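Peer 1: fold the stuff below for me.
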Amino acid sequence: MASVSKQVYLDWYKEMLLWRKFEEKAAAMYIQQKIRGFLHLYNGQEAVLAGCVHAINLEIDKMITAYRCHVHPIAMGLDPKFVMAELFGKSTGCSNGKGGSMHMFSKKYNFFGGHGIVGGQIPLGAGIAFADQYNNLKGVTLCFMGDGAVRQGSLHETFNMAMNHKLPVVFICENNGYAMGTSVERTANHTAIWKLGLGYEMPSAPVEGMKPEVVFEAVKKAVDRARKGLGPSFLEIKTYRYKGHSMSDAQHYRTKDEVAKYKDKDPIDYVLSILYKKKVLIEKDVQKINNDIKEKVQECVDFAENSPFPLAEDLYKDIYLGDYNFIKE
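Peer 2: The predicted structure follows:
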């Protein structure tokens with residue numbers, strides 16, 4: 001495995017802790033009914049995103065995912081206050097308050113959603129990669145999906161097309177064990193999801209998803225391959241979510257012991273232990289990082305609270321490139 005610098009481990013710790021605290025604050029705001037609708041949290045899966053982001057070029061590479069999407073645009077460079085504002089449904093949100101939890105978006109930071117339709121982002125990810133290839137750009141697209149989405153027929157159509165055109169896309173299944181409340185074992189007669197790519201002779205592999213350096217190495221290899229024009233790859237990154245499918249999930253399908261077992265593998269604690277071992281941080285440093293992040297997250301909430309809701313006339317904006325010509329006085 002390639003060596004990882006102390007600075008990268010420190011960056012990973014700060015990034016993952018920010019994402020975790022942001023999500024915890026979002027959960028608190030949901031309970032207070034300041035965030036409405038559905039809310040799908042990423043707690044536990046942070047090592048996947050941390051490893052992925054350090055394996056790409058943020059200037060030219062793209063990212064698209066499903067509805068568990070709050071921290072992905074933050075990882076791509078978007079100020080988290082605009083994500084919190086979107087969760088609050090405010091006009092200052094990254095989707096102008098119209099997308100909410102499941103439809104985050106930032107063209108500036110190459111983040112293309114946030115999609116509420118299960119598996120709907122898979123062909124779109126291939127389409128983004130096709131655009132880069134067609135326009136002779138060097139960008140690579142990371143297309144995330146859950147273990148439930150791989151049962152959609154569009155995945156197979158997309159895999160076939162991506163291989164035919166050797167598209168610069170890395171398909172990533174974040175396998176957290178459950179499609180909503182249905183375990184992987186109950187969705188098909190096989191549990192090795194990564195093998196789905198083999199039928200298309202697509203380079204495919206399983207990846208340990210609780211350690212960011214393992215994710216980084218696997219994704220970097222796939223990204224480099226795509227950038228050389230050698231086509232797509234499919235990675236099944238095995239991870240775990242500590243919260244329910246959404247805030248309304250009672251989680252009757254799994255035991256507390258199972259959750260506790262995976263919390264012993266918490267990626268944030270894992271990276272922190274490495275930083276202690278390498279003598280990069282001491283307790284005082286950790287406390288300062290925690291305080292700084294707590295303050296930053298509160299600033300996000302304050303920004304969202306003080307932002308206005310969209311106006312009624314904003315309903316007709318962001319629909320067409322030009323004017324909306326179908327309103328008659």
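Peer 1: and for Arg254, the neighbour number?
Peer 2: Neighbour count for Arg254, taken as other C-beta atoms under 10 Å: 15. Yep, even glycine has a C-beta here, placed from its N, CA and C like the rest.
Peer 1: look up the closest residue to it, ignoring the ones flanking it.
Peer 2: Tyr178 (7.2 Å; C-beta to C-beta, 6 or more residues apart in numbering).
Peer 1: what pLDDT does Lys211 get?
Peer 2: Lys211 carries a pLDDT value of 97.
Peer 1: list the contacts for the residue positioned nearest the centre of the chain?
Peer 2: The centre of the chain sits closest to His72, judged by C-alpha atoms, centre = their mean, with a distance of 4.2 Å. By C-beta atoms under 8 Å, 6 or more residues apart in numbering, the contact set of His72 is Leu49, Met63, Thr65, Met104, Phe111, Gly114, Phe144.
Peer 1: how about the secondary structure of the nearest residue in space to the third one that is not next to it in sequence?
Peer 2: The reference is to Thr65. Leaving aside its chain neighbours, Thr65 sits nearest to Phe144 (3.8 Å; criterion: C-beta to C-beta, 6+ apart). Taken by DSSP: H, G, I helix; E, B strand; the rest coil, the conformation at Phe144 corresponds to strand.
Peer 1: for the nearest residue to Gly119 once chain neighbours are set aside, what are phi and psi?
Peer 2: Leaving out its chain neighbours, the residue that sits closest to Gly119 by C-beta to C-beta, 6+ apart is Gln152, at 3.3 Å. Dihedral pair for Gln152: phi -80, psi 140, per degrees, to the nearest 10.
Peer 1: next one: Tyr178
Peer 2: Residue torsions, per degrees, to the nearest 10, at Tyr178 are phi -140, psi 130.
Peer 1: let me know the pLDDT of it.
Peer 2: 91.
Peer 1: what's the answer for Ala250, then?
Peer 2: Ala250 is given a pLDDT of 89.
Peer 1: so it: helix, strand or coil?
Peer 2: coil.
Peer 1: and it, what does it touch?
Peer 2: Here Ala250 is in contact with Gly244 (criterion: C-beta under 8 Å, 6+ apart).
Peer 1: can you show me the helices along the stretch 1-150 of the chain?
Peer 2: Here the stretch 1-150 of the chain has its helices, by DSSP state H, counting those that start in this stretch, at 6-31, 46-53, 71-75, 80-87, 121-134.
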